[in-house]
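Participant: below are the sequence and a predicted model for it; my questions follow.
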Amino acid sequence: MRARTPTSSSSPSRTRRTASTAPAPRRRTDDLRSDDPRARPNARPAATTPHHATKQTRRSEDADMRSPIRLAAASLVAVSALAAGTLAATAQGWPQKPIRMIVPIAAGSVTDVILRAAANELQPKLGQPIIIENKGGAAGILGATACAQSAPDAHTFCAVYHNTMSYNPLLFAKLPYNPDDIAPVGRLFFLIEGVFVSSDLGVATVAELKDKIQARPAALNYATLGEGSLPDLFLRWMNNQWNAKVQGIPYKGGGPAAQALMANEAQITRFGVGNFLAALQSGKVKALAVSSTTRSPLLPDVPTAAEAGIGGYPGIGWWGLGAPKGTPPEAIERLAAAFKTLFEEPKFKAFLDQQAVMSAPTGPKDFVAFLAEDRKAAELLIRIADTKPAEYKGD
């Protein structure tokens, strides 16, 4: 189910040793302490009065009191110097090691395919590899949690999407992560989604699907990405609109969901079209509608959602990049610029078209503004789907 990817010091200085003069022979008195009476034969012995003892004690106590302060001050200076050094190194030589990219969806899904292709394209330009680490499942919660809890080391980033940043906080009363702990890096693309059915179901239009569901309200299965995912919200909307009880089955990505429909393990779903191209070619899956306002060049015979009679569903999927809160801004800006440049290149955009996604890259500032609007759209969809917040209980 994988898509095709696009083709495509100075040496340290030496310190000279300076010859030292041989020490002069010591006199006998040098072996004696300066306060030793034998070193000063004509001097009187040092006083040992109570006043002298008190003075020495105060000096010792003052030194003891000052030592923690000096230690704390020295530690603060050291930490400040280390932070300054890290920022300077980030500004001058980022990246300094491989970049870890947490992807909250299964390997083989369209987003995974796109990010791996981007990683291959960017490695020569960045001088370091981007290592994809898949943490799929639970509507992106597992991957988002891993991202939010990672150290902001300037070399850890993550893929984020509509669920992790907009829907999950509204759908779950208790999340193991806070979206505010993920710094926005940039939006990458919008998904063109489709309504798909197993060919074994024997329907060719949305109207026929509605009739089939209403005739057997609880007999069919629907593939989701877990509770609260965009596929799951469409299921809830569909059940509410059609007075049905189709059952949701969670999968870790679009690839596994497509396999489920091919095997008739699930009969219906709504996912990104790119996940289902091979399944459609196999003849085991049919597309009933696409979410775009115009028909997809990849599926010219498939009607839009509005043409199919389900244009009232407002949800739209997107993907972007994030980083653990506290990641140096220089690293965020540089990675965002690298991805934005790549996603604007004609050759890579042509590759994205073949994955049924719309290239829409932004920098951090525009991504922040987009997220504010996307949260409003999520609130609207959740009201339409008549969905109440639930406690997240783990995958």
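Facilitator: Yes, it's here.

Participant: so how far is stretch 116-133 off the chain centroid?
Facilitator: 16 Å (Cα atoms, centre = their mean, to the nearest Å).

Participant: show residues contacting that stretch.
Facilitator: The contact list for stretch 116-133 (Cβ atoms under 8 Å, 6 or more residues apart in numbering) reads 3, 5-6, 8, 95-103, 107, 112, 115, 338-339, 342-343, 348, 351. (C-beta placed from N, C-alpha, C; glycine too.)

Participant: which of those residues fall in strands?
Facilitator: If you go by DSSP state E, the contacts of stretch 116-133 have 99-103 in strands.

Participant: dump the residues you listed into a markdown table; add pLDDT as well.
Facilitator: Rendered in a markdown table, the data for the ones in strands among the contacts of stretch 116-133 read as follows (pLDDT from 0 to 100):
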| residue | pLDDT |
| --- | --- |
| I99 | 99 |
| R100 | 99 |
| M101 | 99 |
| I102 | 99 |
| V103 | 98 |
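
Participant: of those, which pair is most distant in space?
Facilitator: Using Cβ to Cβ, the two most remote members of these are I99 and V103, lying 12.5 Å apart.

Participant: those two - which one has more neighbours?
Facilitator: Taking neighbours as other Cβ atoms under 10 Å, I99 and V103 compare with V103 leading, 25 against 21.

Participant: identify the residues contacting that one.
Facilitator: 111-112, 115, 132-136, 143, 158-159.

Participant: A244 now?
Facilitator: A244 is in contact with 213-214, 217-218, 238, counting by Cβ under 8 Å, 6+ apart.

Participant: tell me which element K286 falls in.
Facilitator: Taking DSSP states H and E as the criterion, K286 maps to strand 285-290.

Participant: look up how far F196 lies from P129.
Facilitator: Using Cβ to Cβ, to the nearest Å, P129 is found at 34 Å from F196.

Participant: check A350 too.
Facilitator: A350 sits 24 Å away from F196, going by Cβ to Cβ.

Participant: so for the contacts of V103, which is the shakiest by pLDDT?
Facilitator: Within those, the minimum per-residue pLDDT falls on G136 (93).

Participant: count of neighbours near that residue?
Facilitator: Residues lying near G136 (other Cβ under 10 Å) number 24.

Participant: for it, helix, strand, or coil?
Facilitator: Assigned by DSSP: H, G, I helix; E, B strand; the rest coil, the conformation of G136 is coil.

Participant: quick one: the strands in this structure?
Facilitator: So, for the chain - with DSSP E - the strands run 99-103, 130-134, 156-161, 182-191, 193-198, 221-224, 247-250, 268-272, 285-290, 318-324, 357-359.
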